[in-house]
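Engineer: I need the structure of the sequence given here:
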Amino acid sequence: MNNDSVEELNQANDDESVHDQAMTEAEWRKELDPEQYHVLRERGTERAFTGKYWDLKDAGTYRCAACGEPLFSSETKYDSGSGWPSFYQPANTHSVKELADHSHGMIRTEVTCAKCDSHLGHVFPDGPPETGLRYCVNSASLDFEKQEEVDAE
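Structural biologist: Below you'll find the predicted structure:
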């Protein structure tokens, strides 16, 4: 792929992000259920061991609950014991963004959807040997697409 093609692809991705980010908070409230809105748009956190995906072991793809962007593969999911879905790497290098988070008197790294900027959770440097990272993600920020559904497309 030449530089012009890469530039066009990046511009197309940027254009899609701008479209999704252009939604008003009122539109997001209509689109998401109250818990999803709290987590994704207000940067909230669900209680540990309460989300629908923390112990799911099915094969498939975890997508952003706000925009549908593929974020994580079940192949990189592991049981961290934290009570939230944990992954050692995103689906690809462009699916999530990492931002400094100094809220609640802590220094952490927030993880957001690169496409729509919705809050997903945080990443910590205490993960398994594959990457040493633990992407600790709220179930409310995810939708799950089973492998059979992916294979059928």
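Engineer: what about the strands in the chain?
Structural biologist: Secondary structure of the chain (DSSP state E): strands located at 60-64, 70-73, 77-78, 86-87, 96-101, 108-113, 119-124, 134-137, 142-146.
Engineer: so where's this protein shaky on pLDDT?
Structural biologist: Counting by pLDDT under 70, the chain shows low-confidence ranges at 1-21, 149-153.
Engineer: What are the boundaries of the helices in this protein?
Structural biologist: In the chain, the helices defined using DSSP state H lie at 3-21, 25-31, 34-40, 147-152.
Engineer: Mind giving me the packing neighbours of the third one?
Structural biologist: Read that as helix 34-40. helix 25-31, strand 119-124 (3 or more CB pairs under 8 Å, 6 or more residues apart in numbering; DSSP states H and E). Just so you know, the C-beta spots here come from the backbone N, C-alpha and C atoms, and that holds for glycine as well.
Engineer: what about the first one, distance to the chain center?
Structural biologist: Using CA atoms, centre = their mean, to the nearest Å, the mean C-alpha position of helix 25-31 is found 19 Å from that of the whole chain.
Engineer: same for that helix, what does it pack against?
Structural biologist: By 3+ CB pairs under 8 Å, 6+ apart, helix 25-31 packs against helix 34-40.
Engineer: same thing with the shortest one?
Structural biologist: Judged by 3+ CB pairs under 8 Å, 6+ apart, strand 119-124 is in contact with helix 34-40, strand 96-101, strand 108-113, strand 134-137.
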